[in-house]
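Enquirer: show me how the following folds:
(one chain, ligands or ions: 4)
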Amino acid sequence: MSSVRNIRGAPKSFILFISASVLVVIVATFLSRSWSRLSLISSHIQVPAVIQSAAPRLLSTPSAPVKMSYTKELEVAQLAVQRATQLTKRVFHEKAKGTTSKDDKSPVTIGDFGAQALIISALKHNFPSDEIVAEEEADDLRTDGTLRDTIWDLVSTTKLEDESAEGMLGGAITDVDAMLDVIDLGKSTGGNQGRIWTIDPIDGTKGFLRGGQYAVCLGLMVDGDVKVGVLGCPNLPVDDAAPLTADIGANQTDEGRGVIFSAVLGEGASSRALGTGKLVDGKPISMRPLNEMSQATFCESVEAGHSSHGDQAEIAKKLGITQPSVRMDSQAKYGSIARGAGDVYLRLPVKKTYQEKIWDHAAGDLIVREAGGQVTDIHGKRLDFGVGRTLANNKGVVAAPKDVHGQILSVVKEVLGVN
Ligand SMILES: Nc1ncnc2c1ncn2[C@@H]1O[C@H](COP(=O)(O)OS(=O)(=O)O)[C@@H](OP(=O)(O)O)[C@H]1O
Ligand SMILES: [Mg+2]
Ligand SMILES: [Mg+2]
Ligand SMILES: [Mg+2]
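Expert: Numbering: from 1, shown residues only. Ligands and ions are numbered 1, 2, ... in the order given. The predicted model follows:
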């Protein structure tokens with residue numbers, strides 16, 4: 001029987017099959033390259049948040065996970081923190097920093113109330129149905145007219161210099177009574193359901209009063225997990241490579257100081273100079289590799305009542321660390337180790353009954369983890385932000401580069417006598 005053959009004698013059907021296969025491969029390669037080029041281009045285009053979050057759902061197969069980048073949340077949070085730091089800096093430079101004492105005897109200033117009002121108003125403008133857990137409440141201001149008017153004077157006159165940035169935050173609060181109501185929107189009980197913002201308008205109030213480190217802190221939790229974290233640190237050097245120094249004291253100038261640390265879960269951490277209008281460009285940050293434990297720099301609280309200095313010193317000694325620890329107030333400690341200016345932050349419980357507040361740790365925890373660190377309590381448990389306004393399931397904090405965290409934790413447990 002004769003069959004149709006080509007020059008090398010292969011059957012025609014076989015040649016057709018090979019040609020079709022080659023064609024399929026060429027078309028597939030072309031499509032996949034075009035797709036990645038398209039993705040690359042789209043990553044440089046500012047696409048509205050609503051389209052960004054919907055796009056993966058529309059383009060991916062039904063089983064693929066939906067990627068949320070929290071673009072709008074991050075931008076609003078950074079701008080809100082930036083605006084709030086303008087108010088706190090005005091308080092420091094222009095106003096008498098008179099304090100009132102809270103029930104736990106800790107200080108609160110006009111800066112704390114004012115910063116909280118400005119941040120909540122920006123969040124409510126952009127995300128009206130989100131809940132908020134914030135440190136301060138307006139009770140004292142409702143009965144003290146002078147205090148209330150001083151704060152209103154600051155809040156009503158603090159704006160970002162860039163109109164579109166200020167517009168994104170919704171502009172000014174309408175009047176003094178609205179300001180009190182806005183401050184009191186931060187009374188959510190927290191938990192592990194839905195979207196909850198956590199605000200510490202001035203963390204390290206004692207540091208703020210001394211002219212030392214403090215931080216304006218904002219975090220977004222979704223179902224108990226921190227997704228976005230932002231820390232504004234007006235008194236830290238802008239330069240990520242600047243050596244870590246203790247409290248800078250009351251006579252500092254703002255020159256070369258002021259930094260915002262930010263992170264989105266799964267997308268890394270960054271730092272940028274704290275400005276007064278639009279956000280300036282940020283750059284990625286990461287913890288520094290620690291080749292020799294003896295070279296590690298430890299950060300700890302200034303207040304011995306917040307973290308045991310004695311236990312910290314013993315832990316450092318057992319690890320062979322000779323350098324004295326650097327004491328600084330606030331979550332500036334988290335930001336400093338995240339950018340490799342220090343290595344380890346220990347917060348060692350002083351009182352059995354004290355429960356850490358979620359606003360003292362949410363942003364810092366995410367920023368350190370996104371910069372390559374591990375953050376746990378003294379028992380090695382991840383910090384659990386989903387159980388209310390406090391970290392009721394945790395004791396203390398151990399934050400360190402991922403690869404040495406276990407080694408440090410075992411010495412912490414040994415010195416504190418815990419499992
Ligand atoms: N007993 C006790 N133990 C642990 N922590 C406490 C305690 N009392 C208060 N606080 C909280 O400490 C927050 C200040 O953070 P730091 O400890 O990092 O700063 S400091 O160096 O001690 O000033 C501080 O935050 P701010 O009130 O925002 O300044 C408090 O929430
Ligand atoms: Mg406080
Ligand atoms: Mg605080
Ligand atoms: Mg505070």
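Enquirer: count of neighbours near residue 233?
Expert: 31 (other C-beta atoms under 10 Å). Yep, even glycine has a C-beta here, placed from its N, CA and C like the rest.
Enquirer: residue contacts, the nearest residue to residue 131 once chain neighbours are set aside?
Expert: Counting by C-beta to C-beta, 6 or more residues apart in numbering, residue 131 lies nearest to residue 188, which is 4.0 Å off, once chain neighbours are set aside. With contact taken as C-beta atoms under 8 Å, 6 or more residues apart in numbering, residue 188 is in contact with 131, 132, 133, 196.
Enquirer: any part of the helix or strand hosting residue 400 near ligand 3?
Expert: Under the criterion DSSP states H and E, the helix or strand holding residue 400 is strand 397-401. No - Strand 397-401 stays clear of ligand 3 (C-beta under 5 Å from the ion), getting no nearer than 12.8 Å.
Enquirer: that older thread, quick one, phi psi at the residue nearest to residue 131?
Expert: The phi/psi pair for residue 188 (degrees, to the nearest 10) reads phi -50, psi 150.
Enquirer: and the gap between it and residue 151?
Expert: 22 Å (C-beta to C-beta, to the nearest Å).
Enquirer: so what's the residue count around whichever residue of the stretch 1-150 of the chain sits closest to ligand 3?
Expert: Minimum separation of the stretch 1-150 of the chain from ligand 3 (C-beta to the ion) falls at residue 135, amounting to 6.3 Å. Residue 135 has 23 neighbours, counted by other C-beta under 10 Å.
Enquirer: just the one 10 residues further on next, same as before
Expert: Neighbour count of residue 145, defined by other C-beta under 10 Å: 10.
Enquirer: quick one, grab the pLDDT at it.
Expert: Here the pLDDT value assigned to residue 145 is 94.
Enquirer: same thing with residue 107?
Expert: Residue 107 is given a pLDDT of 71.
Enquirer: so it makes contact with residue 101?
Expert: Yes - contact criterion C-beta atoms under 8 Å: residue 107 and residue 101 qualify, at 6.3 Å.
Enquirer: who has more neighbours, these two?
Expert: residue 107 (16 against 10).
Enquirer: what sits opposite residue 271 in the beta ladder?
Expert: Beta-bridge pairing for residue 271 (DSSP bridges): residue 261, residue 283.
Enquirer: burial count for it?
Expert: By other C-beta under 10 Å, neighbour count at residue 271 equals 24.
Enquirer: and if you look at residue 266?
Expert: Neighbour number of residue 266 under other C-beta under 10 Å is 11.
Enquirer: how much space between it and residue 193?
Expert: 21 Å.
Enquirer: if we can go back for a sec, just the C-alpha atoms of the strand holding residue 400, please, in CSV.
Expert: Output in CSV follows, covering the C-alpha atoms of strand 397-401 (Å, rounded to 0.1, in the frame of the first residue of the first chain):
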residue,chain,number,x,y,z
VAL,A,397,8.1,41.2,73.5
VAL,A,398,11.2,39.6,71.9
ALA,A,399,11.9,41.2,68.5
ALA,A,400,15.0,40.0,66.6
PRO,A,401,16.3,39.0,63.2
